[in-house]
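> Turn this into a structure:
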Amino acid sequence: MTRMRTKRIKIKKRKSSTLILLLSLGFLLSCGTGEQVRLRIEMPQKTLINLDDFKEIAITNFLVKEEAKDFDLNKELTEYFTVELNQKIKNKISSTKVDMQNEEVFQDKQFWQKVSPEKKGTLLFTGSLEYTEEIRKAIKSASKRRFEEPFPEESRIEERRFYSLSLHLYLIEAQSGEAIYERTFKESKAYKNPNQTAYFAFYDMMLNIRDKLFRQILEEKQIQERYLIK
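Okay, the predicted model is just below:
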């Protein structure tokens with residue numbers, strides 16, 4: 001009988017301890033403020049390709065569908081990517097000249113195999129480019145002229161410059177001639193300044209294209225926001 005009483009006492013103590021623990025947790029949770037704390041965390045970004053598989057990145061000239069009036073699009077684009085890639089990766093960056101006549105050439109594996117037949121582990125960085133400029137004019141409304149300009153009768157026409165940039169990028173494995181990455185980047189910008197240059201607008205849009213591209217092919221950490229509830 002004594003043993004049975006002892007067991008019952010122990011069981012009661014365990015139940016009471018569990019109950020106290022549950023009540024304590026409930027009390028602590030009820031004391032929470034419910035406030036959200038925003039945290040900024042660096043998260044590794046998954047890439048579509050692994051550039052470490054290649055010893056060399058060979059940047060070719062691009063197929064330009066229409067040349068710009070004031071500057072050399074091919075020269076600016078190849079030099080831009082050469083500088084940016086050199087700052088981000090340890091692979092050797094080189095340049096090579098390719099004779100491209102049309103867009104179909106990017107699907108021709110044999111053509112790209114002949115570009116660098118002696119170089120194994122080479123990735124060809126190539127593509128096509130289209131850059132356009134347009135000036136649009138519109139008549140300002142009377143109310144807009146009244147509040148924005150001291151002499152509305154002298155300037156009733158509003159002029160803006162529109163620029164569009166389309167870059168169809170290919171990353172082609174030289175040995176197989178196969179495109180392992182392909183994407184079309186499209187950017188457009190409008191400027192109120194009538195004296196805005198096509199050269200400035202080109203680099204303004206290339207910044208957006210560079211960021212989008214590097215997020216997909218480079219192993220960079222991306223800042224993401226998370227919320228912690230107190």
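> Can you show me the strands along the protein?
36-44, 56-60, 63-64, 92-96, 122-139, 157-173, 178-191, 221-229 (DSSP state E).
> winner for burial among those?
Using mean count of other C-beta atoms under 10 Å, the stretch among these with the largest mean neighbour count is strand 56-60, at a mean of 20. The C-beta positions use only the backbone N, C-alpha and C, and glycine is treated the same way.
> Packing partners of it?
In terms of contacts (3 or more C-beta pairs under 8 Å, 6 or more residues apart in numbering; DSSP states H and E), strand 56-60 is packed against helix 73-88, strand 92-96, strand 122-139.
> same thing but at 10 Å, please
Here strand 56-60 is seen to pack against helix 73-88, strand 92-96, strand 122-139, strand 157-173 when contacts are counted using 3 or more C-beta pairs under 10 Å, 6 or more residues apart in numbering; DSSP states H and E.
> contact partners of it?
With contacts defined as C-beta atoms under 10 Å, 6 or more residues apart in numbering, strand 56-60 is touched by 51, 74, 77-82, 85-86, 89, 91-98, 100, 112, 115-116, 119-127, 170-172, 174.
> could you redo the last one with a cut-off of 7 Å?
If you take C-beta atoms under 7 Å, 6 or more residues apart in numbering as the criterion, strand 56-60 is touched by 78, 81-82, 85, 91-96, 98, 116, 119, 121-126.
> Can you lay out the helices and strands packed on strand 56-60 as a markdown table showing distance to Gln216 and mean pLDDT?
Rendered in a markdown table, the data for those read as follows (distance: least, C-beta to C-beta, whole Å; pLDDT from 0 to 100):
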| stretch | distance to Gln216 | mean pLDDT |
| --- | --- | --- |
| helix 73-88 | 13 | 95 |
| strand 92-96 | 18 | 94 |
| strand 122-139 | 14 | 89 |
| strand 157-173 | 10 | 91 |
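> now those as TSV including distance to Gln107?
Putting the helices and strands packed on strand 56-60 into TSV (distance: least, C-beta to C-beta, whole Å) gives the following:
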stretch	distance to Gln107
helix 73-88	21
strand 92-96	19
strand 122-139	12
strand 157-173	9
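> Out of the ones you listed, which gets nearest to Ala198?
The stretch from those with the least distance to Ala198 (C-beta to C-beta) is strand 122-139; that distance is 5.3 Å.
> I'd like to know which of the helices and strands packed on strand 56-60 lies nearest to Arg210.
Among those, helix 73-88 comes nearest to Arg210, with 5.9 Å by C-beta to C-beta.
> Report the inter-axis angle for that closest one versus strand 157-173.
Counting by axes from the mean of the first three to the mean of the last three C-alpha atoms, to 10 degrees, helix 73-88 lies at 60 degrees to strand 157-173.
> Check which helices and strands helix 73-88 sits against.
Here helix 73-88 is seen to pack against strand 56-60, strand 92-96, strand 122-139, helix 198-217 when contacts are counted using 3 or more C-beta pairs under 7 Å, 6 or more residues apart in numbering; DSSP states H and E.
> let's go with 6 Å and repeat that
Taking 3 or more C-beta pairs under 6 Å, 6 or more residues apart in numbering; DSSP states H and E as the contact definition, the neighbouring helices and strands of helix 73-88 are strand 56-60, strand 92-96.
> what's the closest of those to Met206?
Closest of the helices and strands packed on helix 73-88 to Met206 is strand 56-60, at 14.3 Å (criterion: C-beta to C-beta).
> any idea of the mean pLDDT for the closest one?
Model confidence over strand 56-60 averages 95 on the pLDDT scale.
> Make JSON lines from the strands of the chain and add distance to Lys212 to it.
Listed next are these as JSON lines, based on distance: least, C-beta to C-beta, whole Å:
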{"stretch": "strand 36-44", "distance to Lys212": "17"}
{"stretch": "strand 56-60", "distance to Lys212": "18"}
{"stretch": "strand 63-64", "distance to Lys212": "20"}
{"stretch": "strand 92-96", "distance to Lys212": "20"}
{"stretch": "strand 122-139", "distance to Lys212": "14"}
{"stretch": "strand 157-173", "distance to Lys212": "10"}
{"stretch": "strand 178-191", "distance to Lys212": "6"}
{"stretch": "strand 221-229", "distance to Lys212": "12"}
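> Brilliant, that's me finished.
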